[in-house]
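**Student:** Generate coordinates for the sequence data below:
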Amino acid sequence: MKYLLIVCVILSILSFSYAGTVTLTGTCTQSLIGNTITFNLNNSGDQAAYSVSILPSITNATINNTNFSELVLNPKNNYKIKLLLNNITGNGTYVNYFKVSYQQSNSTFYAIFPCINNFYTDTNSNISLNTNITEKNNIYYINVTVFNKGSSEKIINVSLMLPDSFSYISSSYNITSIKSNQSKNITFVVKGQPGIGSYSGGVSATYVSDGLHYSSYSTLILLQNQNTISVQPVFNISPIFIAIGVVLFVLLILIIRAFLKSRKKLIK
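**Tutor:** This next block holds a predicted model:
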């Protein structure tokens, strides 16, 4: 009987092969004293992200490094990079971003983390953004409501920041004139690659007034082939464990048959 108990315990363990979720959060801070931008990537999930790559996109300045990589970002850990800014040509507030790619359960995922940076002058944008996303057959309709809460008319450039796995069906940006205390709706149409996943991005609105640059942004979550905001855990069973499970299952059947035969002999 002890062998039967051991086999049952092993089969119970093998019946649960759990690979949880990777939850990445990117935050950006800037130091004007040293002309540096610090980006911190945190994994608050319960599974490691592999082959992590970070690609900064900084406008109106050159940076000391253009690509960073980390082999593994374990759960509850973070990865911090620091960029030294040189040759700053902008004046005002700009929306930059960090493009992140990583692997989980043999699949590659992408994320965009927007970042507000001030060069020389800290400007406060009068433009607010609201977004609504609908999806049908892997085509995404991103509706952006742009509201001008300022006292004068603005010529505004509205653009998307999306991972490379999405392609544009419509234009990637829209320039529009919005009067004071009025709003306009802009719809972008993009196509995602087949698959299931959650991808982050952003939409930005920029304009120039009196020689200064103004920016604001809103984050986006694009869900591929999913109707809810939650990303389902991935369950992945190694072929080796499947083979072991089959062998143990057959062994269990043989032990049970031998046990039953021995009981019949004892009864006779």
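**Student:** Am I right that Pro75 falls within a helix?
**Tutor:** No - when classified by DSSP: H, G, I helix; E, B strand; the rest coil, Pro75 is found to be coil rather than part of a helix.
**Student:** low pLDDT regions in the protein?
**Tutor:** For the chain, residues meeting the criterion pLDDT under 70 lie at 1-19, 195-197, 224-252, 254, 258-268.
**Student:** Now do the helices in it.
**Tutor:** Secondary structure of the chain (DSSP state H): helices at 2-14, 239-267.
**Student:** how far away is the residue nearest to Val100 when sequence neighbours are not counted from Leu73?
**Tutor:** In space, and not counting its chain neighbours, Val100 is closest to Ala111: 4.6 Å by Cβ to Cβ, 6 or more residues apart in numbering. Every C-beta, even on glycine, is put in place using the N, C-alpha and C of the backbone. Ala111 is 12 Å from Leu73, where distance means Cβ to Cβ, to the nearest Å.
**Student:** One more: Gln104?
**Tutor:** As for Gln104, its distance to Leu73 is 11 Å (criterion: Cβ to Cβ).
**Student:** Can you check which residues contact both of those two?
**Tutor:** Between them, Gln104 and Leu73 have Ala49 as joint contacts when contacts are counted by Cβ atoms under 8 Å, 6 or more residues apart in numbering.
**Student:** residue closest to the middle of this structure?
**Tutor:** The structure's the chain has its C-alpha centroid closest to Ala111; by Cα atoms, centre = their mean the separation is 3.5 Å.
**Student:** Okay, and the beta partners of it?
**Tutor:** When bridges are assigned using DSSP bridges, the partners listed for Ala111 are Val100, Ser200.
**Student:** same thing with Ile155?
**Tutor:** Note on Ile155: beta-bridge partners Ser177, judged by DSSP bridges.
**Student:** where do the strands sit along the stretch 1-150 of the chain?
**Tutor:** When assigned using DSSP state E, counting those that start in this stretch, the strands of the stretch 1-150 of the chain occupy the ranges 24-31, 36-43, 49-57, 62-63, 68-73, 77-86, 92-104, 107-119, 127-136, 139-148.
**Student:** show me the contacts for the closest residue to Gly34 other than its chain neighbours.
**Tutor:** The spatially closest residue to Gly34, leaving aside those adjacent along the chain, is Leu84, at 7.6 Å (Cβ to Cβ, 6+ apart). For Leu84, the set of contacting residues under the criterion of Cβ under 8 Å, 6+ apart consists of 34-36, 63-64.
**Student:** Narrow those residues to those that are buried.
**Tutor:** Neighbour-count burial (16 or more other Cβ atoms under 10 Å) applied to these gives Ile63.
**Student:** separation between Leu160 and Tyr97?
**Tutor:** In this structure, Leu160 and Tyr97 are 11 Å apart, going by Cβ to Cβ.
**Student:** Can you pull the residues that touch both of the two?
**Tutor:** Counting by Cβ under 8 Å, 6+ apart, the residues touching both Leu160 and Tyr97 are Gly202.
**Student:** Hmm, Tyr168 and Val190 touching each other?
**Tutor:** Yes - taking Cβ atoms under 8 Å as the contact criterion, Val190 and Tyr168 are neighbours in contact, 5.5 Å apart.
**Student:** So for the two, which sits in the more crowded spot?
**Tutor:** Each of Val190 and Tyr168 has its neighbours counted (other Cβ atoms under 10 Å); Val190 has more, 21 against 13.
**Student:** ok, that one - contacts?
**Tutor:** Contact partners of Val190, counting by Cβ under 8 Å, 6+ apart, are 139-140, 142, 160, 162, 166-170.
**Student:** Which one of these is nearest to Ser57?
**Tutor:** Leu162 (11.9 Å; Cβ to Cβ).
**Student:** Name all residues that make contact with the spatially closest residue to the closest one that is not a sequence neighbour.
**Tutor:** If the residues on either side of it in the chain are set aside, Leu162 comes closest to Gly201, at 4.4 Å by Cβ to Cβ, 6+ apart. With contact taken as Cβ under 8 Å, 6+ apart, Gly201 is in contact with 111-112, 160-163, 166, 219-222.
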